[in-house]
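K.L.:
build me a model:
(4 chains)
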Number of protein chains: 2
Amino acid sequence: MNDLPDSAAPPSADATSSFYRNHLSHRAGFLIRRLHQIHLSLFAEECADFGVTPVQYSILTVAAVHPDIDQASLGHEVGVDRATLANVIARLKAHGLISRSKKATDRRVNLIRVTARGSAVLAQMDGAAQRAHERTVAALPENERALFISYLSYLVEAGNEHGRAPLRIG
Amino acid sequence: MNDLPDSAAPPSADATSSFYRNHLSHRAGFLIRRLHQIHLSLFAEECADFGVTPVQYSILTVAAVHPDIDQASLGHEVGVDRATLANVIARLKAHGLISRSKKATDRRVNLIRVTARGSAVLAQMDGAAQRAHERTVAALPENERALFISYLSYLVEAGNEHGRAPLRIG
DNA sequence: AACATAAGTTCAGCATACTGAATAATCAGG
DNA sequence: CCTGATTATTCAGTATGCTGAACTTATGTT
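P.N.:
Below you'll find the model as predicted:
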């Protein structure tokens, strides 16, 4: 059932060897996209009961330790651009997990605060979120796992200036 | 300018040590999401002249070596679910890079074919796409780079059943 | 032929992510 | 106190990715 039709059968090796040397599954970007999909799926599976996505969870955890953080700072911490963050914040607010207020001394600024309900959800889903992260790299033996994370971390730091939402590293 | 306001200053280490042990930047899912963003940015930078995104490029390369491939097979090869694929296909068709026809012996099936213009664009952007993939991991020394790719590849294969668009590995 | 079942695709709706433009509020110089 | 530049946020539009439901066409059974 998964067979390709004749016209789409794998081409002979000599006709397309350059394709196979450069196959999707050897391209960094392709693999990263796919591993991201896998993580999203694992997170959804572990955290289905809470209705909180990975990005929402990241935002909640940062907001929880930075009471009344402004949106720009929150975006820098979590690596989410301002437009996306405005959308996510709106959803979190609609679900009652955060509240928003204008800063008294600068009314351009929105201050974000995790509600009591938000804190409760964070506490309840802590284990599930941990498991989702662990399962994403669980297939690697422990030594390689630590190495993989350190490579990831190094690449993220090295490429930090790329994209609209560079992290604040310091 | 990047300083947090007082109310959002980093909390003292003892009050939130569990937070720092479990900081965002040590979570696999967070790092993968961020590295994915970085890759998207690098790809956009390298391939800006062609108006083709990473997923579109993956689809074009697979369709190029599988003439008249059906959408379900294409989705399995590229790791894109059917609904998303329908959208991407529509955009590629709108830009004249692919054409679509009904399969004669099973009119439920759409057959995808890269147009002459699509082939030309693929050929023209080949170098730029390569550079985008290479730059994503360029910060690692060559040995570690190969190792990182092999870890990625291993994790993707191990987690392949997760998500709506598992790859056909074979 | 009639029916149920299955397969391929599309549609509707939500979430994340980006760009560029608009809006609103603040600040710095004169 | 105005004016212009800066900063914070939002809005509009596009792309990817998911789920569940619908639709169309094939297939298998009787």
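
K.L.:
with adjacent residues omitted, what lies nearest to A:Ala86?
P.N.:
Excluding its sequence neighbours, the residue lying closest to A:Ala86 (CB to CB, 6 or more residues apart in numbering or on different chains) is A:Gln71, at 7.1 Å. For the C-beta atoms, the positions are set from N, CA and C on the backbone; glycine is no exception.

K.L.:
what are the buried residues along the longest helix seen in chain A?
P.N.:
When chain A is parsed with DSSP state H, its longest helix is helix A:116-137. For helix A:116-137, burial by neighbour count (16 or more other CB atoms under 10 Å in any protein chain shown) applies to A:118, A:121-122, A:125, A:128-129, A:131-133, A:135-137.

K.L.:
wait, isn't the residue nearest to A:Ala86 in contact with A:Arg82?
P.N.:
Yes. Taking CB atoms under 8 Å as the definition, A:Gln71 is a contact partner of A:Arg82 at 6.8 Å.

K.L.:
these two: who's more crowded?
P.N.:
The neighbour comparison of A:Gln71 against A:Arg82 (other CB atoms under 10 Å in any protein chain shown) goes to A:Gln71, with 19 against 13.

K.L.:
check contacts around the more buried one.
P.N.:
With contact taken as CB atoms under 8 Å, 6 or more residues apart in numbering or on different chains, A:Gln71 is in contact with A:82, A:85-86, A:89, A:109-110, A:112.

K.L.:
closest to chain B among these?
P.N.:
Chain B has its nearest neighbour among these in A:Val109, at 8.4 Å by CB to the nearest CB.

K.L.:
okay, that closest one: pLDDT?
P.N.:
pLDDT, A:Val109: 91.

K.L.:
partners of whichever strand or helix holds it, with directions?
P.N.:
A:Val109 is located in strand A:106-114, with elements delineated by DSSP states H and E. Using DSSP bridges, the strands paired with strand A:106-114 are strand A:69-70 (antiparallel), strand A:98-103 (antiparallel).

K.L.:
tell me the most buried of those?
P.N.:
Greatest average neighbour count among the strands paired with strand A:106-114 goes to strand A:69-70 (a mean of 23), per mean count of other CB atoms under 10 Å in any protein chain shown.

K.L.:
that one near DNA strand D anywhere?
P.N.:
Yes. Using CB under 7 Å from any atom of the strand, strand A:69-70 reaches DNA strand D at A:Asp70.

K.L.:
in the helix or strand following that strand, what's buried?
P.N.:
Using DSSP H and E, the helix or strand that follows strand A:69-70 in sequence is helix A:71-78. Within helix A:71-78, the residues that qualify as buried are A:71, A:73-78, counting by 16+ other CB under 10 Å.

K.L.:
and what of stretch A:145-153?
P.N.:
For stretch A:145-153, by 16+ other CB under 10 Å, it's A:145, A:147-149, A:151-153.

K.L.:
phi, psi of A:Glu46?
P.N.:
phi -70, psi -40 (degrees, to the nearest 10).

K.L.:
neighbours of A:Ser58, how many?
P.N.:
Counted with other CB under 10 Å, A:Ser58 comes out at 23.

K.L.:
for chain A, what are the low-confidence residue spans?
P.N.:
For chain A, the stretches with pLDDT under 70 are A:1-22, A:163-170.

K.L.:
which residues of it lie near DNA strand D?
P.N.:
A:33, A:37, A:40-41, A:70-72, A:82-83, A:86, A:89, A:106, A:108-110.

K.L.:
how many residues are close by A:Asp106?
P.N.:
10.

K.L.:
kindly provide the distance from the closest residue in space to A:Thr115 that isn't next to it in sequence to B:Arg100.
P.N.:
Counting by CB to CB, 6+ apart, the nearest residue to A:Thr115 once its immediate chain neighbours are dropped is A:Ser99, at 5.5 Å. The gap separating A:Ser99 from B:Arg100 is 49 Å, by CB to CB, to the nearest Å.

K.L.:
try A:Arg34
P.N.:
A:Arg34 is 25 Å from B:Arg100, by CB to CB.

K.L.:
cool, and A:Ala104?
P.N.:
For A:Ala104 relative to B:Arg100 (CB to CB), the value is 58 Å.

K.L.:
repeat that for A:Arg117.
P.N.:
In terms of CB to CB, A:Arg117 sits 48 Å off from B:Arg100.

K.L.:
please name the nearest non-neighbouring residue to A:Asp70.
P.N.:
A:Val109 (4.8 Å).

K.L.:
and A:Gly159, what does it touch?
P.N.:
So A:Gly159 contacts B:35, B:38, B:41-42, B:136, B:139 (CB under 8 Å, 6+ apart).

K.L.:
this completes my enquiry, with thanks.
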